[in-house]
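> here's my sequence, what's the structure:
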Amino acid sequence: MKRFIFLLLLGSLSFLFYSCEKPNDNKTAEVISKRLPVILDTDANNEVDDQHAIAYLLMNGETFDVKGITVNTTYNGGNIDAQFEEAERIVTLCNLKNKIPLIKGANASFEKIGAYTSEDNFDGKAAVDFIIEEANKMRQEKLVVIAVGKLTNVALAVKKAPAIKEKIRLVWLGSNYPEPGEYNLENDIPAMNYLLAEDLPFEMVMVRYGKPSGTDAVKVTKEEAPKVMAGLGPTIEGSIVGRHGGTFNNFGTYSVNLFEHIEYYGDPPARALFDMAAVAIVKNASWATSKQMPAPIMVNKKWVEQPENKRQITIWENFNKKNIMTDFYQSMRVN
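Residues are numbered from 1 along each chain as shown. Coordinates of the predicted model:
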């Protein structure tokens, strides 16, 4: 009996101290099957929210089975190499370098690349093929694709292999719907319109700059960032060179450095972690509200409603900042 209790306690402790690394091979099939298979598609070097989304995703290994991270290029943050390098820094700070596939995707837009997806080589091919391959491995559950940049990689994957529409669930951080604008959206409107017209689960996580109903409300204040983030997360052997210089062996300390080189807005001065909130509501859907609606389309950078459209999409809004930020910090503290 004592041996049984000891083994039970040992198993519980192993679960509690599980961090951003993938489960060991001796994890039971039952535990692994409960984890959501996920690909994160990111423009990692754009600002500061992508980095926190990557870290949050990787530090929730009990929830997410991260199949890989694909990278794309948006207007800010440099070319695909710069975007890749920033994503690699975060993966390294989570002790997962060479353990999580990290793959370069599209530099250009859907319209410029779409006609070439049948060729042996095209812009973004590695990421597009990876999304397709991972989707095709799915049997009963869907591959969750959390896209926190432009939708080019995902649209190209669906165009190249339409059968994956039945195998993926797309969760996209983008748009100010019903208002126009928003960075991720404007980086590739045709890719978004293409996916809005396709028959696949499409969930839009609202941004809505300056409004309490969007992820813009999930903010970190200028005063809070250095106090809370410093030292959080695992400490790695060696160090990485940050995008603003300096060396770091801990994600929390690197986070502080990122916040030191960013603009703040509002009173008190704060910065939103849009992308991290998108990961959070996949982890716990109760941290926002959702509704279904006929898929609209964007024409001349304005939304056009299609009330008779049988194609339904999901809108996520009204994010619980307190619960999301509490869980984000807690995820950092246990690693």
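> CA only for contacts and neighbour counts going forward, please
OK.
> not counting its neighbours along the chain, what's nearest Thr63?
Leaving aside its chain neighbours, Thr63 sits nearest to Arg35 (4.9 Å; criterion: Cα to Cα, 6 or more residues apart in numbering).
> mind listing what that neighbour touches?
61-65 (Cα atoms under 8 Å, 6 or more residues apart in numbering).
> what do you get if the cut-off is 7 Å, keeping everything else the same?
62-65 (Cα atoms under 7 Å, 6 or more residues apart in numbering).
> can you give me the pLDDT of it?
Listed pLDDT for Arg35 reads 94.
> re earlier: now the contacts of Arg35 as TSV including secondary structure, pLDDT and distance to Ser213?
Shown next, in TSV, are the contacts of Arg35 (DSSP: H, G, I helix; E, B strand; the rest coil; pLDDT from 0 to 100; distance: Cα to Cα, whole Å):
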residue	secondary structure	pLDDT	distance to Ser213
Glu62	coil	95	29
Thr63	coil	97	26
Phe64	strand	98	26
Asp65	strand	98	29
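> so Glu186, which state does it fall into?
helix (DSSP: H, G, I helix; E, B strand; the rest coil).
> all further residue positions should be reported with the first residue as 211.
That works, and once the first residue is 211, the last one we named lands at Glu396.
> quick check, pLDDT for it.
For Glu396, pLDDT reads 97.
> where along the protein do the helices fall?
With DSSP state H as the criterion, the chain has helices at 212-226, 239-243, 259-268, 290-303, 320-323, 335-346, 362-370, 393-397, 399-407, 434-439, 461-470, 484-493, 531-543.
> nearest to Thr284, out of those helices?
helix 393-397 (6.1 Å; Cα to Cα).
> which other helices and strands contact the closest one?
With contacts defined as 3 or more Cα pairs under 7 Å, 6 or more residues apart in numbering; DSSP states H and E, helix 393-397 has no helix or strand neighbours.
> ok, and what's touching that helix?
Contacts of helix 393-397 (Cα under 7 Å, 6+ apart): 284, 359-360, 384-385.
> now do the buried residues in stretch 389-404.
Buried residues in stretch 389-404, counted by 16 or more other Cα atoms under 10 Å: 391-404.
> ok, now which ones touch Gly452?
Phe458.
> I'd like to know how far it sits from Gln350.
41 Å (Cα to Cα, to the nearest Å).
> redo the helices of the chain as a markdown table? Include distance to Val509.
Below are the helices of the chain laid out as a markdown table (distance: least, Cα to Cα, whole Å):
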| stretch | distance to Val509 |
| --- | --- |
| helix 212-226 | 49 |
| helix 239-243 | 42 |
| helix 259-268 | 28 |
| helix 290-303 | 28 |
| helix 320-323 | 15 |
| helix 335-346 | 26 |
| helix 362-370 | 18 |
| helix 393-397 | 12 |
| helix 399-407 | 9 |
| helix 434-439 | 39 |
| helix 461-470 | 36 |
| helix 484-493 | 25 |
| helix 531-543 | 32 |
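> which one of the ones you listed lies closest to Pro504?
Judging these by Cα to Cα, what sits closest to Pro504 is helix 399-407, at 9.8 Å.
> return the closest of the buried residues of stretch 389-404 with respect to Pro506.
Using Cα to Cα, the buried residues of stretch 389-404 come closest to Pro506 at Asn403, 8.6 Å.
> what residues are bridge-paired with the residue nearest to the closest one when sequence neighbours are not counted?
Take Asn403 and drop its neighbours on the chain: the residue closest to it by Cα to Cα, 6+ apart is Ile507, 6.0 Å away. Beta-bridge pairing of Ile507 under DSSP bridges involves Val514.
> which residues of this protein score low on pLDDT?
211-243, 544-545 (pLDDT under 70).
> rerun at 90
Across the chain, residues meeting the criterion (pLDDT under 90) sit at 211-244, 350, 542-545.
> thinking again about what came up before, how about TSV for the contacts of helix 393-397, with neighbour count and distance to Ile525 added?
Formatted as TSV, the contacts of helix 393-397 follow (neighbours: other Cα atoms under 10 Å; distance: Cα to Cα, whole Å):
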residue	neighbour count	distance to Ile525
Thr284	26	23
Gly359	27	17
Lys360	31	17
Gly384	28	10
Ser385	22	10
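> and the residues you listed, which is closest to Lys307?
For the contacts of helix 393-397, the nearest to Lys307 is Gly359 (21.9 Å; Cα to Cα).
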